[in-house]
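[1] Sequence and predicted structure, then a few things I'm wondering about:
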Amino acid sequence: MSHSNEHHHESFFKKYLFSTDHKIIGMQYLFTGMFMGLIGGFLVYAFRMQLAFPGISVPGFGVVTESGYNALVTNHGAVMIFWFAMPVLIAAFGNYLIPLMIGCDDMVFPRLNRLSYQIFLLSAIILIISFFVKNGGFGGAWTAYPPLSAKAEYNLTPMGAPLWLIAVALEFVAFLIGGINFITTLMNSRAKGMKMYDIPMVVWMIVIASILFMASVGPLIAGAAMLLFDQLIGTAFYDAAKGGDPLLWQHLFWFFGHPEVYVVLLPTMGMVVEVMTTFSRKKLFGYKTFLYSTFFTGILSFVVWAHHQFVAGIDPRMANIFTVTTLLISVPIAEICFLMIATLYGGSIELKTPMLFALAFVAEFIIGGVTGIYLGSSGMDIYFHDTYFVVAHFHYTFVPIAIIGLFTGIYYWFPKMFGKMMCDTLGKIHFWGTIISFNFIFIPLFFLGMAGEHRRIYNYQNFPDLNTVGLFDLRKLATVSLLVMLAFQAVFFYNFIRSLIKGEKAPANPWKANTLEWQAPSPPPHGNFAELPEVYRGPYEFGVPGRDQDYWPQNQPN
Ligand code: HEM
Ligand SMILES: [Cu+2]
């Protein structure tokens, strides 16, 4: 049965809310994720204002109380990772791109796909409800370490804590279901002729990320259920006084938590590759090396988790082992960065907005990676642990991954998704405003961390050593830079909406790229292709000698 007949006359409701079309589900994830990203941004705005100007009433929020601060930090972290980075990078782009890029009409299990989004939406709603219940949202940090998280007496949020945990668990279920679809679709629905090494890198990356997620999240779901029992029915899995073990949670959490970094990193790396090859008209340098480096990174990411526990009392010999595995990961990751740079070498580079974001990703991410080497060394981590140095380090990885990655993807695929071009000049204004202010937020935080400023502290005025003028000014600089960064996002939203309404009409292949999605109309109809494509070559055949065109789409016969 062909898709296009099945879905001809549908109400708006059926078409957009209950659709099983992978593109619509991808958009639903995209818009929900971006909305949650705005919430995450609002939360950080509120607590950064408190840090720079303690005790003021924050415009649009009010006075930040002690427990309010904890809830803000906790939910900022959780929202950004679970409800912004993951849904946007994996679910939105994965759903939208995979069938189009491998040349099929939809996911293998379209209804399961829809269910995945519905569960995700439910989890987001429960999370938002948890902010408003009695005593407010959960404040035990996004890592939810017991004993603080396990007992209402400790974390003072008897309703916020379990609701938060339920929301997180549901979110995991949504992504487990989604991952099944990605993997089976890649295995079963590739266009005729598409071999292993003809698969576009971003598709590989999203699928490998889904596998990492599925392999790491199981123990945490079990752990979360135990934590919920501790909270609600008085079991003592994590309560040392009654024979439980709080460290057990740390192991379960970080066995998931560290691979999670790669779960969000890989899709962004994949998008960056698509953009870089297209805008430098070059073949990806070392396709296979890239792919196998990623596999290696993925496997290693399962044996590094205890680098988060260097100060939690683990045996120093164990700390040595985890230092070594952690530092080893920098080898394949550095290699991937080199491959990206080598891809650019000698290319005819065109600095359109998507390309600017792709380049910025590599530059900023390298800062995150290099500072991670300090933290991975157990000796240095003992000094840096839980300081703002850590906060600055992981934001130099997460902001490139989540924010720069999102924009790389949107600016590149917007013409495909909506059939309109975005304004490149506005895109560039948005780019420079975002990148410059981003660095001015987080460079000061490195120095604050080195000066000994600890994270998750509500008011540094309580600590005379941390209340000197120099440090205070750095905190102010970071906060003002955040306001600038947030303001520049208005440029993006203006551009987005304006382009939707009166943007120039996009041709099917505006960037002259080779991958299959550009062979479908912009935007692609239900069922994607008029006729399913057949693939003859790899995805990055640019500048092939002896051809008049400098690109050679995958589906063009020889
Ligand atoms: C660009 C805007 C952002 C700013 C200014 C910012 C700022 C901060 C600050 C200052 C903290 C530490 C608060 C404290 O420990 O007291 C924090 C925590 C955190 N942020 Fe961000 N952040 C931003 C974006 C992001 C993004 C995009 C992600 C992830 C995708 C993220 C993930 C986290 C996480 C996981 C925590 C730890 C939360 C916790 O300690 O429980 N942030 N952020
Ligand atoms: Cu880690």
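    Good, I have the coordinates. Ligands and ions are numbered 1, 2, ... in the order given.

[2] From now on I want contacts and neighbour counts done on CA atoms only, so please keep to that.
    Will do.

[3] Helices along the stretch 251-400 of the chain, start to end?
    287-300, 316-344, 353-376, 378-384, 388-398 (DSSP state H, counting those that start in this stretch).

[4] out of those helices, nearest to ligand 1?
    When those are compared by C-alpha to the nearest ligand atom, helix 388-398 sits nearest ligand 1, at 4.7 Å.

[5] hmm, the helix or strand that the closest one is followed by touching ligand 1?
    Note on helix 388-398: by DSSP states H and E, the next helix or strand toward the C-terminus is helix 405-418. No: using C-alpha under 6 Å from any ligand atom, we find that helix 405-418 stays clear of ligand 1, coming within 10.1 Å at best.

[6] So which bits of the helix or strand that helix 405-418 is followed by are buried?
    Of the helices and strands lying after helix 405-418 in sequence (DSSP H and E), the nearest is helix 424-450. Across helix 424-450, burial judged by 16 or more other C-alpha atoms under 10 Å covers 427-428, 430-435, 437-449.

[7] And stretch 133-144, by the same measure?
    So for stretch 133-144, counting by 16+ other C-alpha under 10 Å, buried means 136, 137, 138, 139, 140, 141, 142, 144.

[8] before we move on, the earlier item: near ligand 1, which of the buried residues of helix 424-450 show up?
    Answer for these near ligand 1: none qualify (C-alpha under 6 Å from any ligand atom).

[9] Quick one: mean pLDDT over stretch 79-95.
    The average pLDDT within stretch 79-95 is 98.

[10] and that stretch, C-alpha only, in PDB?
    In PDB, the C-alpha atoms belonging to stretch 79-95 read as follows (Å, rounded to 0.1, in the frame of the first residue of the first chain):
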ATOM      1  CA  VAL A  79      16.100  20.200  30.800                       C
ATOM      2  CA  MET A  80      19.100  21.100  28.700                       C
ATOM      3  CA  ILE A  81      20.400  17.500  28.500                       C
ATOM      4  CA  PHE A  82      17.200  15.400  28.500                       C
ATOM      5  CA  TRP A  83      14.600  17.700  27.000                       C
ATOM      6  CA  PHE A  84      16.700  19.900  24.700                       C
ATOM      7  CA  ALA A  85      19.900  18.300  23.500                       C
ATOM      8  CA  MET A  86      18.500  14.700  23.100                       C
ATOM      9  CA  PRO A  87      15.200  15.400  21.500                       C
ATOM     10  CA  VAL A  88      16.600  18.000  19.100                       C
ATOM     11  CA  LEU A  89      19.800  16.200  18.100                       C
ATOM     12  CA  ILE A  90      18.800  12.600  18.100                       C
ATOM     13  CA  ALA A  91      15.100  12.500  17.800                       C
ATOM     14  CA  ALA A  92      14.300  15.600  15.700                       C
ATOM     15  CA  PHE A  93      17.200  15.300  13.200                       C
ATOM     16  CA  GLY A  94      17.200  11.500  13.400                       C
ATOM     17  CA  ASN A  95      13.500  11.200  12.600                       C
END
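
[11] ok, and does it reach over to ligand 1?
    Yes: applying C-alpha under 6 Å from any ligand atom, one finds stretch 79-95 touching ligand 1 at 80, 81, 85.

[12] Tell me how many other residues crowd the last one.
    Residues lying near residue 85 (other C-alpha atoms under 10 Å) number 29.

[13] How about it: what's its closest non-neighbour residue?
    residue 402 (5.2 Å; C-alpha to C-alpha, 6 or more residues apart in numbering).

[14] re the thing from before, can you flag which of the buried residues of stretch 133-144 belong to helices?
    With helices taken from DSSP state H, there is no overlap with the buried residues of stretch 133-144.

[15] From the residues you listed, list the ones also adjacent to ligand 1.
    141, 142.

[16] May I see the helices of the stretch 251-400 of the chain arranged in a markdown table, with mean neighbour count and mean pLDDT as well?
    Below are these laid out as a markdown table (neighbours: other C-alpha atoms under 10 Å; pLDDT from 0 to 100):
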| stretch | mean neighbour count | mean pLDDT |
| --- | --- | --- |
| helix 287-300 | 17 | 97 |
| helix 316-344 | 17 | 96 |
| helix 353-376 | 21 | 97 |
| helix 378-384 | 18 | 94 |
| helix 388-398 | 23 | 98 |
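
[17] Please tabulate these in TSV and include distance to residue 111 as additional columns.
    Listed next are these as TSV, based on distance: least, C-alpha to C-alpha, whole Å:
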stretch	distance to residue 111
helix 287-300	29
helix 316-344	36
helix 353-376	33
helix 378-384	46
helix 388-398	32
